[in-house]
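*Asks:* 3D model of this:
(one chain, ligands or ions: 1)
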Amino acid sequence: MERRGSRDNNRGTWRLKKIKKILIANRGEIAVRIHRSAKEMDIETVALFSDPDRTSPHILYCDQAFPLHGISSVETYLDIDKILEIAKKAHVDAIHPGYGFLSEKEQFARAVNDAGFIFIGPNPETIALLGSKTSARQLLSKYQVPIVPGSVSPLKSLQEGVKVAEEIGYPVMIKASGGGGGKGMRRVDTEGELEGSIERARNESKKSFGDDRVYIEKYIVNPKHVEIQILADSHGNIIHLGERECSVQRRHQKVVEECPSSAVSDHLRQKMGQAAVAIAKAAKYINAGTMEFLLDADKNFYFLEVNTRVQVEHPITELVYGIDIIKEQIRIAQGEKLSFTQEDVKLNGHAIECRISAEETDNDFLPSTGKITHFFPSEGPGIRNDSGARVGTEITMYYDPMIAKLIVHARDRKEAIAKMSRALSEYQINGVKTTIPFCQFVMRHDEFVRGSYDINFVEKHFRSSNVPLRHDTVVAITAAYLKHSESNNTPASSNGTFVSKSKWKMSASDE
Ligand code: ADP
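*Replies:* Numbers count the residues shown, from 1 in each chain. The predicted model follows:
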């Protein structure tokens, strides 16, 4: 079978092949997001769905939808054979993996290419090289890229661990070579804790990734998480789209992101951008990718890892730089050259993203499952809502709890924070509890407002009892208000707004 969109030779040049139909091997908001860009490029889209997802919006929007027959991720969105079978049945040209699931699995990219489809993402070799944190560290230790000090290969013994930790000095971090999602990571402050922590990190890593290899790196104290978005075509052109700051994290997972970072000057952006481009070059990177760094208080930055896929937080970069990253991914995958240079890339304003998840903010972020009974995302100037849910959507335990991403774009950071606060106060979801109150807490906190926060912000400041606004209470009041108005037969005024005859007052007091 013809290998469309695969490399013609080891130098990485690709044949031009116009993509006409894409299979979206994902679900939720990112499936909808990919569909939207494809549709605007006059490309047909094919959706996949598990049993619990049979009424999800991504199915309604796509031109075709195929059932995966199953419930768990393993029997559905992670089943390579089922996905490829559908790709063949639907006669697609290309497969977009989104993020999560199979997006960073070398064997999936390879199987997609081998079956004759274009994989919208990097080559399998690049995914394999960068998918392991230690092989990426090994590669980059040969280049002029600052990596977090520590070992560049998996630990072979406790003695080696003791030696490395002594060399770099405590505190250190034990990390899983094949890690992701903040799992398999442990801070160690003294030599006495090392053995037990290595054991625990190994077990967690084995359970989560089927790989018990771990390594040691220096624990960077109170850094910011700053990452650089890059785009690289198959003709050797690589550009960066500045940074995103993702220091608001829970259990090492991002919850609120912004672009640009208030800690990054034009000069630092240039330096970090150059480092990201150097990493892409070293790894012969093609397509969109993100180089993640830790930035310490003295503005030293250290390479963490590369995410070889589109990121959850990509929209903030899109809004600030005016570039549709998904469309660029598709153009690159069909062999086109980037249509702009680094000089063309201009930063405009400020964007913030809040991840809205079905979790109980006031109860240690316990998952909140159920059916969405009321869904009214906020609107207005500068607001973007990327969601994969609607009224009737079941939020289950089977998949990621993120329901939507609320994204704002404004002239500057101050206005963006005000806009996000306003948008969060309007956002209405009933049926499940959400992290909206948590996001409101972040927007109001002095340290966030000043921009001086670091990766320990949530741990340092957030307590469930701090929740500033019971968003569910506001929604309940709104629903009760509307019901009351209806039963009162409240008349519409001449200008179309409702006039309440009752004594109901809308109030949203801090608790
Ligand atoms: P994962 O792939 O599991 O997401 P990363 O290496 O990207 O892991 O790190 C996730 C987060 O964990 C970082 O953003 C940071 O908050 C924290 N972290 C990782 N490595 C270190 C380190 N060496 N020092 C301090 N914090 C770290």
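*Asks:* hey, let's count contacts and neighbours off CA atoms from now on
*Replies:* Fine.
*Asks:* roughly how far does whatever residue of the stretch 301-450 of the chain ends up closest to the ligand sit from residue 231?
*Replies:* Residue nearest to the ligand within the stretch 301-450 of the chain (C-alpha to the nearest ligand atom): residue 304, separated by 5.2 Å. Using C-alpha to C-alpha, to the nearest Å, one obtains 19 Å as the distance from residue 304 to residue 231.
*Asks:* confidence score at the residue of the stretch 301-450 of the chain closest to the ligand?
*Replies:* Note on residue 304: pLDDT of 96.
*Asks:* and for residue 40, the neighbour number?
*Replies:* Other residues within reach of residue 40, judged by other C-alpha atoms under 10 Å, total 10.
*Asks:* just the one 3 residues further on next, same as before
*Replies:* Residue 43 is surrounded by 17 other residues when neighbours are defined as other C-alpha under 10 Å.
*Asks:* contacting residues for it?
*Replies:* Going by C-alpha atoms under 8 Å, 6 or more residues apart in numbering, residue 43 touches 19-22.
*Asks:* wait, residue 175 sits on residue 215?
*Replies:* Yes. Counting by C-alpha atoms under 8 Å, residue 175 touches residue 215, with 5.5 Å between them.
*Asks:* report the residue ranges of every domain in the chain.
*Replies:* What automatic domain parsing lists as the domains of the chain is 6-120, 122-146+220-348, 149-218.
*Asks:* what about the shortest one, start to end distance?
*Replies:* In terms of C-alpha to C-alpha, the two terminal residues of domain 149-218 are separated by 5 Å.
*Asks:* now swap in the second one and tell me
*Replies:* This stretch, domain 122-146+220-348, spans 28 Å end to end (C-alpha to C-alpha).
*Asks:* stretch 208-215 now?
*Replies:* 16 Å.
*Asks:* again, but for stretch 240-259
*Replies:* 13 Å.
*Asks:* please apply the same query to stretch 84-98.
*Replies:* Chord length of stretch 84-98, first to last residue, is 16 Å (C-alpha to C-alpha).
*Asks:* got it, and stretch 252-266?
*Replies:* 27 Å.
*Asks:* who's in contact with that stretch?
*Replies:* 181-182, 226, 242-249, 313, 316-317, 320, 350-355, 439, 451-452, 455.
*Asks:* list the contacts for the residue of the stretch 301-450 of the chain closest to the ligand?
*Replies:* By C-alpha under 8 Å, 6+ apart, residue 304 lies in contact with 133, 147-148, 291-294.
*Asks:* now do it against residue 116, distance only.
*Replies:* For residue 304 relative to residue 116 (C-alpha to C-alpha), the value is 34 Å.
*Asks:* show me what the helix or strand harbouring residue 429 is packed against.
*Replies:* Per DSSP states H and E, residue 429 falls inside strand 428-430. Using 3 or more C-alpha pairs under 8 Å, 6 or more residues apart in numbering; DSSP states H and E as the contact test, the elements touching strand 428-430 are strand 374-376, helix 471-487.
*Asks:* so what's the gap between the helix or strand following it and the chain middle?
*Replies:* Once the chain leaves strand 428-430, the next helix or strand it forms, by DSSP H and E, is helix 436-444. Its chain's C-alpha centre and that of helix 436-444 lie 19 Å apart, by C-alpha atoms, centre = their mean, to the nearest Å.
*Asks:* just stretch 292-309 next, same as before
*Replies:* 16 Å.
*Asks:* end-to-end on that stretch?
*Replies:* End-to-end distance for stretch 292-309, by C-alpha to C-alpha: 13 Å.
*Asks:* do stretch 290-305 as well
*Replies:* Using C-alpha to C-alpha, the end-to-end distance of stretch 290-305 comes out at 8 Å.
*Asks:* which parts of it are buried?
*Replies:* Neighbour counts over stretch 290-305 (16 or more other C-alpha atoms under 10 Å) mark 290-296, 301-305 as buried.
*Asks:* ok, of the contacts of residue 43, which come out buried?
*Replies:* 19, 21-22.
*Asks:* just give me the longest helix of the chain.
*Replies:* helix 191-209 (DSSP state H).
*Asks:* which strands or helices does it pack on?
*Replies:* Helix 191-209 packs on helix 158-168, strand 172-176, strand 185-188, strand 214-218, going by 3+ C-alpha pairs under 8 Å, 6+ apart.
*Asks:* how big is the angle separating the last one from helix 191-209?
*Replies:* Compare the direction of strand 214-218 with that of helix 191-209 by axes from the mean of the first three to the mean of the last three C-alpha atoms, to 10 degrees and you get 130 degrees.
*Asks:* where does pLDDT dip in this structure?
*Replies:* Applying pLDDT under 70 to the chain flags residues 1-15, 466, 468-511.
*Asks:* which parts of it sit against the ligand?
*Replies:* Proximity of the chain to the ligand (C-alpha under 6 Å from any ligand atom) is limited to residues 173, 179-183, 217-220, 225, 252, 304-305, 455.
*Asks:* could you redo the last one with a cut-off of 5 Å?
*Replies:* Residues of the chain lying near the ligand by C-alpha under 5 Å from any ligand atom: 179-182, 219-220, 252.
*Asks:* put the buried members of the residues you listed into a PyMOL selection.
*Replies:* Selection of buried members from those for PyMOL, criterion 16+ other C-alpha under 10 Å:
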select buried, resi 179+180+219+220
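*Asks:* taking the stretch 251-400 of the chain, what residue is nearest to the ligand?
*Replies:* For the stretch 251-400 of the chain, C-alpha to the nearest ligand atom, closest residue to the ligand: residue 252, 4.3 Å.
*Asks:* would you mark the buried spots in stretch 324-333?
*Replies:* By neighbour count on 16+ other C-alpha under 10 Å, the buried set for stretch 324-333 is 325-333.
*Asks:* mind listing the residues bridging to residue 292?
*Replies:* residue 227, residue 305 (DSSP bridges).
*Asks:* from here on, call the first residue 46.
*Replies:* In the new numbering, first residue 46, that becomes residue 337.
*Asks:* from residue 139, how far off is it?
*Replies:* From residue 337 to residue 139 the distance is 28 Å (C-alpha to C-alpha).
*Asks:* before we move on, the earlier item: of the buried ones among the contacts of residue 88, closest to the ligand?
*Replies:* For the buried ones among the contacts of residue 88, the nearest to the ligand is residue 67 (27.9 Å; C-alpha to the nearest ligand atom).
*Asks:* is the closest one in a bridge, and if so with what?
*Replies:* According to DSSP bridges, beta-bridge pairing links residue 67 with residue 90, residue 139.
*Asks:* wait, doesn't it sit right on residue 142?
*Replies:* No. Look at residue 67 against residue 142 with C-alpha under 8 Å: they stay out of range, at 10.2 Å.
*Asks:* ok so, going back, ok, and what's touching the longest helix of the chain?
*Replies:* Contacts of helix 236-254 (C-alpha under 8 Å, 6+ apart): 203, 206-207, 210, 219-221, 223-224, 228-231, 233, 256-259.
*Asks:* cool, thanks, signing off.
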